[in-house]
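Asker: Sequence and predicted model, in that order:
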Amino acid sequence: MKIAYFDCFAGISGDMTLGALLDLGVPLEWLQEKLHAMPLDGFTIRKEIIHVNGIRATQVQIDLIEGHGARHWSDIRNLIENAPLEKDVVDNSFKIFEKIAISESEIHGVPVEKVHFHEVGALDSIIDIVGTALCMAYLGIEAVFASKIPLGSGFVVCSHGTLPVPAPATLSILKGIPVYGGSARHEMVTPTGAAIIASYAIAYGKLPEMEIESVGYGAGQRQIPEHPNVLRVMTGTSVDKNDSYQMNILHEDVQIIETCIDDMNPELFGFLMERLFEDGALDVYWIPLFMKKNRPGTMIQVLCSPDKEKDLVHRIMKETSTSGIRSYRVGRYTLEREIMTVDTAYGRVAVKRMIDPDGRGRMVPEYEVCRKIARDQNLPLQAVYAEVAKACS
């Protein structure tokens, strides 16, 4: 199986991704021809070979011949769905843009259909995203792995004003993906870059076992003194004998935090669970048990990513009567999953799609989404679940 490893030590953006894939051998003329067939007019793509800290890399420049304004998600969706491109290219382009649309919808509190794109909706970002999908198909990549994602810090100026780094959309897209802050005082991951890696990567961490065939470097636009501002993509053949397992079952390290309590008002547990989820817990459990002197008690067990451990320990110490907490690292396996939207009687609704070990996909309703519809429209929750489940089948 041909795989790719995205080494994101300097972060990831749309133009860095496109540069790395062109550096791996995708012909620029072929890419432009495919993009103009969508149709997309008023642009040219140039690539330049530059040296970044002594590393030869490809830098992509997109020249706009005429002005291009912002677009709505519906405009972009129609453009992609009607493009004369291979199905996997259309599907992957749609998946990337949909992640951005859903994140913008959550952040700004508007329906997905009414999301108004600014930078992401501009022509150069459409080229980055659809161009990436085209290049991945050209290279025949069957599975993507990635390093953990560095986010940087500081502030970035965009159409909404000055925002903290990482940008809210970037953070929203990267939920559930291993990230770290790093010492860089600049934006390292753009929303486009976050959506690309979140759409393609099936696992994050160390370089998987592979026979490396090619290495491509895509240069960013900014010169960084601390490190070479490039995205490194390695392609080759997996040497894992259980490729189908790796394709659909992901492994990651998570933290378990736990404590046992026998002297707290049980009415407080409901409030505590709400706050733990707000602080970033992946899951929270109340486990009944018997403690010393045969007292009935409750074990509080919290599952979280390692970077959330301190916040959650502080929350438990603050909100409960405990005087001590255990914490330990464990591995967990999860099915490959993503958030998608389906058409229902209530409009387009977000659902969770999972890939079973045998490669079959299945979609299931999201509780919070169905709960909101039921409350807003004064409907029975089970009726909403049934309608959304029908749309998933």
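Answerer: Cool, the structure landed.

Asker: can you map out the helices along the chain?
Answerer: With DSSP state H as the definition, the chain shows helices at residue ranges 14-23, 28-36, 73-81, 87-108, 123-139, 168-173, 191-200, 243-248, 268-278, 309-319, 367-376, 381-392.

Asker: Select, out of these, the one closest to residue 59.
Answerer: Among these, helix 14-23 comes nearest to residue 59, with 5.7 Å by CB to CB. Any C-beta I mention is one placed from the backbone N, CA and C, and that applies to glycine too.

Asker: From the rest of the structure, what touches that closest one?
Answerer: Applying CB atoms under 8 Å, 6 or more residues apart in numbering, the contact partners of helix 14-23 are 10, 28, 31, 47, 57-60, 62, 124-125, 127-129, 131-132, 135-136, 139, 190, 192-193, 196, 216-221, 230-233.

Asker: Now the buried members of the residues you listed.
Answerer: Buried residues within the contacts of helix 14-23, defined by neighbour count using 16 or more other CB atoms under 10 Å: 10, 31, 47, 57-60, 62, 124-125, 127-129, 131-132, 135-136, 139, 190, 192-193, 196, 216-220, 230-233.

Asker: hmm, back to that, among the helices of the chain, show the one with the smallest mean pLDDT.
Answerer: Among these, helix 243-248 carries the lowest mean pLDDT, a mean of 52.

Asker: Based on its surroundings, how many neighbours for the closest residue to residue 369 other than its chain neighbours?
Answerer: Excluding the flanking residues, the one nearest residue 369 by CB to CB, 6 or more residues apart in numbering is residue 350, at 5.2 Å. For residue 350, the neighbour count with other CB atoms under 10 Å is 19.

Asker: State the pLDDT value of residue 350.
Answerer: Value for residue 350, per-residue pLDDT: 89.

Asker: Surely it is in contact with residue 338?
Answerer: No. Applying CB atoms under 8 Å, one finds residue 350 not in contact with residue 338, separated by 10.5 Å.

Asker: between those two, what contacts are shared?
Answerer: Residues touching both residue 350 and residue 338 (CB under 8 Å, 6+ apart): there are none.

Asker: ok, residue 187 - how many residues close by?
Answerer: Residue 187: 24 surrounding residues under other CB under 10 Å.

Asker: and what of the one 10 residues further on?
Answerer: Neighbouring residues of residue 197 were enumerated by other CB under 10 Å; the total is 25.

Asker: Distance check, it against residue 17.
Answerer: Residue 197 is 8 Å from residue 17, where distance means CB to CB, to the nearest Å.

Asker: Residue 84 now?
Answerer: Separation of residue 84 from residue 17 (CB to CB) stands at 23 Å.

Asker: Ok, residue 8 next?
Answerer: Residue 8 is 10 Å from residue 17, where distance means CB to CB.

Asker: Am I right that residue 303 is in contact with residue 255?
Answerer: Yes. At 7.5 Å, residue 303 and residue 255 qualify as touching, with contact defined as CB under 8 Å.

Asker: who's in contact with the residue nearest to residue 369?
Answerer: 102, 112, 339-341, 366, 369.

Asker: switch to 7 Å and redo it
Answerer: Contact analysis of residue 350 by CB atoms under 7 Å, 6 or more residues apart in numbering lists 102, 339, 341, 366, 369.

Asker: Same check on residue 288?
Answerer: Residue 288 is in contact with 296, 298, counting by CB under 7 Å, 6+ apart.

Asker: For it, list each beta-bridge partner.
Answerer: Here residue 288 sits in beta bridges with residue 298, as judged by DSSP bridges.

Asker: now residue 2
Answerer: According to DSSP bridges, beta-bridge pairing links residue 2 with residue 237.

Asker: Equivalent analysis for residue 218, please.
Answerer: Per DSSP bridges, residues listed as beta-bridge partners of residue 218: residue 58, residue 231.

Asker: was I right about it contacting residue 232?
Answerer: No. At 8.2 Å, residue 218 does not count as touching residue 232 under the criterion of CB atoms under 7 Å.

Asker: Need the nearest residue in space to residue 51, chain neighbours excluded.
Answerer: Sequence neighbours aside, residue 57 is the residue nearest to residue 51 in space, at 7.3 Å (criterion: CB to CB, 6+ apart).

Asker: Do I have it right that that neighbour meets residue 50?
Answerer: Yes. Counting by CB under 7 Å, residue 57 does reach residue 50; the two are 6.0 Å apart.

Asker: Relative to residue 321, how far out is the most far-flung residue of the chain relative to its centre?
Answerer: Farthest-out residue of the chain from its mean C-alpha position, per CA atoms, centre = their mean: residue 293, at 48.3 Å. Distance of residue 293 to residue 321, computed by CB to CB: 16 Å.
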